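>>> compute the structure for the input listed below.
(one chain, ligands or ions: 1)
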Amino acid sequence: MAQTAKRTHNITLIPGDGIGPEVSGAVVEILEAAGAATGVSFEWHRYDAGADAFEKTREYIPKALIESIEQNKVGLKGPVGTPIGGGFASINVQLRKKFELFANFRPVKNLPGLKTNYPNVDLVIVRENTEDLYAGLEVIVVPGVVQSLKIITEKASTRIAKFAFEYARKHGRQKIHAIHKANIMKLSDGLFLDCCRKVGANFPDITYAEHIVDNTCMQLVMNPYQYDILLTENLYGDILSDLCSAFVGGLGLVPGANLGTECAIFEAVHGSAPDIAGKNIANPTALLQSAVLMLHHINETETAERVQAGLEQVYREGKTLTRDVGGNAGTREFAQAVLQAIEAPVAVTS
Ligand code: ATP
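The predicted structure follows:
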């Protein structure tokens with residue numbers, strides 16, 4: 001039975017575009033239901049960003065959105081599409097830089113009951129989120145010659161390495177692989193590795209290793225179980241995230257958190273998937289699992305566990321799954337199944 005709300009959380013919500021409104025609509029509904037059952041309520045502060053926001057406000061990232069995140073400190077964000085080639089700079093990247101959300105945390109873990117080619121994967125990608133080739137510093141040197149600057153700093157590399165090692169120690173993770181291409185980019189990736197080694201020296205309890213990024217792709221496909229935490233620069237982390245999502249069923253599943261010292265924005269690994277937008281096809285699991293990370297972040301553990309248990313029940317039953325994971329349910333039907341599972345949980349028997 002629903003309880004009277006005891007705690008209210010103010011959350012900045014960016015529904016996003018493409019499949020964003022569908023998946024974020026489902027997630028909000030599920031969080032409301034889980035919150036009602038656990039004595040938690042949410043005040044959603046909704047803002048558009050990107051092309052939709054520009055149409056209404058002539059700003060790609062409205063000032064009111066920035067102020068809302070500054071005030072609430074926590075955001076839940078659907079995907080916001082970035083035009084290929086020309087157009088405006090990535091909203092995702094801009095928000096990460098604006099709020100110094102330096103750590104992109106992406107756990108890759110199989111859901112119970114969902115068969116993939118790689119059972120029992122459990123690894124974490126820790127991706128530097130503010131620099132590298134994503135600094136967006138590109139110039140036309142002369143027509144036909146373009147320069148894109150790869151920025152790697154000691155400060156950001158040390159900060160992300162510390163985050164990864166501290167996370168490993170706190171959560172009982174054994175091994176960190178720093179992923180690089182320092183054989184070619186001797187200065188930039190070399191600096192990144194130097195910082196990782198220096199930080200790692202203070203964590204003798206965590207095994208530290210280094211793998212070259214192209215070899216890592218092959219090693220991951222051959223045997224993902226050799227990895228525990230992948231510590232990466234921005235670009236390699238982006239690419240490896242999509243690759244690793246395939247272990248657990250694809251982009252519809254993998255959550256993410258952008259963490260800074262002041263604020264945090266939770267968003268799925270996937271983009272706006274315009275090819276399936278507005279068709280009631282998208283899988284809201286990735287954003288829902290991002291919301292679970294958010295609930296843990298705001299110390300609403302019971303609500304987080306309730307949502308995760310409901311989600312896992314639906315996967316375990318396997319009757320109402322979206323197409324990307326072999327089912328034929330729509331986004332809404334899947335969300336309804338999770339809502340039902342939250343309201344009528346079934347005890348798990350091993
Ligand atoms: P970006 O570079 O913006 O992160 P991306 O290259 O990772 O985007 P997406 O937009 O995430 O690309 O989508 C890639 C493909 O994955 C889509 O065409 C879509 O078929 C599939 N996909 C992504 N997200 C989902 C989802 N939530 N549910 C089902 N399929 C999805």
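
>>> taking the stretch 201-350 of the chain, what residue is nearest to the ligand?
residue 271 (2.3 Å; C-beta to the nearest ligand atom). (C-beta placed from N, C-alpha, C; glycine too.)

>>> what's near enough to touch that residue?
Neighbouring residues of residue 271 by C-beta atoms under 8 Å, 6 or more residues apart in numbering: 18, 79, 81-82, 251.

>>> and the residues you listed, which two are the farthest apart?
Largest separation among the contacts of residue 271 by C-beta to C-beta: 82 and 251, giving 15.8 Å.

>>> of all residues in the protein, which one is nearest the centre?
The chain has residue 256 as the residue nearest its centroid, 1.6 Å off, counting by C-alpha atoms, centre = their mean.

>>> ok, the spatially closest residue to it that is not a sequence neighbour - how many residues close by?
Of all residues not flanking residue 256 in the chain, residue 106 sits nearest, at 4.6 Å (C-beta to C-beta, 6 or more residues apart in numbering). Neighbour count for residue 106, taken as other C-beta atoms under 10 Å: 25.

>>> repeat for residue 88
Residue 88 is flanked by 13 other residues according to other C-beta under 10 Å.

>>> which helix or strand contains it?
Applying DSSP states H and E as the criterion places residue 88 outside every helix and strand.

>>> quick one, what contacts residue 213?
By C-beta under 8 Å, 6+ apart, the contact set of residue 213 is 179-181, 232, 236, 239-240.

>>> closest one to residue 320 out of those, please.
residue 240 (30.7 Å).

>>> ok but the closest one is inside a helix, no?
Yes: the assignment for residue 240 (DSSP: H, G, I helix; E, B strand; the rest coil) places it in a helix.

>>> and it, what is it in contact with?
Taking C-beta under 8 Å, 6+ apart, we find residue 240 in contact with 125, 179, 213, 216-217, 220, 230, 232.

>>> re the thing from before, who touches the residue nearest to residue 256 in this structure?
Contacts for residue 106 were tallied using C-beta under 8 Å, 6+ apart; they are 124-127, 237, 241, 244, 254-257, 269.

>>> let's see 10 Å
The contact partners of residue 106, by C-beta atoms under 10 Å, 6 or more residues apart in numbering, come to 123-127, 230, 237-238, 240-241, 244-245, 254-258, 268-269, 290, 293.

>>> tell me where the longest helix sits in this protein.
If you go by DSSP state H, the chain has its longest helix at helix 20-38.

>>> right, and the helix or strand after that one?
strand 40-46.

>>> and the residue lying closest to residue 274 once chain neighbours are set aside, what does it touch?
With sequence-adjacent residues excluded and distances taken as C-beta to C-beta, 6+ apart, residue 274 is closest to residue 18, at 4.8 Å. Residue 18 is in contact with 50, 78-81, 270-278, 282, counting by C-beta under 10 Å, 6+ apart.

>>> what's the answer for residue 55, then?
residue 48.

>>> please apply the same query to residue 261.
Residue 261 neighbours (C-beta under 10 Å, 6+ apart): 99-103, 159.

>>> biggest separation within these, which pair?
Maximum pairwise distance among the contacts of residue 261 (C-beta to C-beta): 14.2 Å, between 99 and 159.

>>> more neighbours: the two, which one.
Neighbours around residue 99 and residue 159, counted as other C-beta under 10 Å, are more numerous at residue 99. The numbers are 22 against 19.

>>> state the distance from that one to the ligand.
Separation of residue 99 from the ligand (C-beta to the nearest ligand atom, to the nearest Å) stands at 19 Å.

>>> from the contacts of residue 213, keep the buried residues only.
179-181, 232, 236, 240 (16 or more other C-beta atoms under 10 Å).

>>> dump the residues you listed into CSV; add pLDDT and secondary structure as well.
Listed next are those as CSV, based on pLDDT from 0 to 100; DSSP: H, G, I helix; E, B strand; the rest coil:
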residue, pLDDT, secondary structure
179, 98, strand
180, 98, strand
181, 98, coil
232, 98, strand
236, 98, helix
240, 98, helix
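
>>> between those residues, which is nearest residue 86?
residue 236 (25.4 Å).

>>> got the residues of the stretch 1-150 of the chain near the ligand?
Residues of the stretch 1-150 of the chain lying close to the ligand by C-beta under 6 Å from any ligand atom are 19, 23.

>>> would you map the strands across the stretch 1-150 of the chain?
Counting by DSSP state E, counting those that start in this stretch, residue ranges of the strands within the stretch 1-150 of the chain are 7-14, 40-46, 74-77, 103-109, 122-128, 138-142, 145-148.

>>> now those strands in TSV, with mean pLDDT and distance to residue 326?
Output for the strands of the stretch 1-150 of the chain, formatted as TSV (pLDDT from 0 to 100; distance: least, C-beta to C-beta, whole Å):
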stretch	mean pLDDT	distance to residue 326
strand 7-14	97	30
strand 40-46	97	32
strand 74-77	98	27
strand 103-109	98	18
strand 122-128	98	21
strand 138-142	94	41
strand 145-148	95	39
